[in-house]
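Novice: Mind folding the following:
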Amino acid sequence: MKRSLACRLVGLERKKADAVRTHYLFLDNGETDAGACRDRMIASGKASPTDHFIAFRWKTPEEDA
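Specialist: Predicted coordinates:
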């Protein structure tokens with residue numbers, strides 16, 4: 001018995017909604033709170049609370065001198 005198109009679409013939408021994505025946060029040396037950046041992304045709808053967040057911090061060339 002074939003499933004209806006609506007059933008298949010609901011299944012695909014559910015699968016996509018459950019997918020965990022990885023977000024990379026690139027922070028300058030002055031930005032110390034990666035959690036605040038993460039919270040802004042979640043609040044704006046760009047990310048989900050279940051997503052993975054990886055923060056990268058680096059120094060600008062002026063700070064190395």
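Novice: Now the element after the top helix by length along the chain, going C-ward?
Specialist: Assignment by DSSP state H gives helix 5-18 as the longest helix of the chain. Per DSSP states H and E, the first helix or strand lying C-terminal to helix 5-18 is strand 22-27.
Novice: May I see the buried residues of that following strand?
Specialist: residue 23 (16 or more other C-beta atoms under 10 Å). All C-beta spots, glycine's among them, are computed from the backbone N, C-alpha and C.
Novice: Kindly calculate the angle that the helix or strand just after it makes with strand 22-27.
Specialist: Using DSSP H and E, the helix or strand that directly follows strand 22-27 along the chain is helix 34-44. Helix 34-44 and strand 22-27 are oriented at 130 degrees to each other (axes from the mean of the first three to the mean of the last three C-alpha atoms, to 10 degrees).
Novice: Confidence-wise, which helix or strand of the chain is lowest on average?
Specialist: helix 61-64 (a mean of 62; mean pLDDT, DSSP states H and E).
Novice: Could you measure from residue 28 over to residue 59?
Specialist: According to C-beta to C-beta, to the nearest Å, residue 28 and residue 59 sit 8 Å apart.
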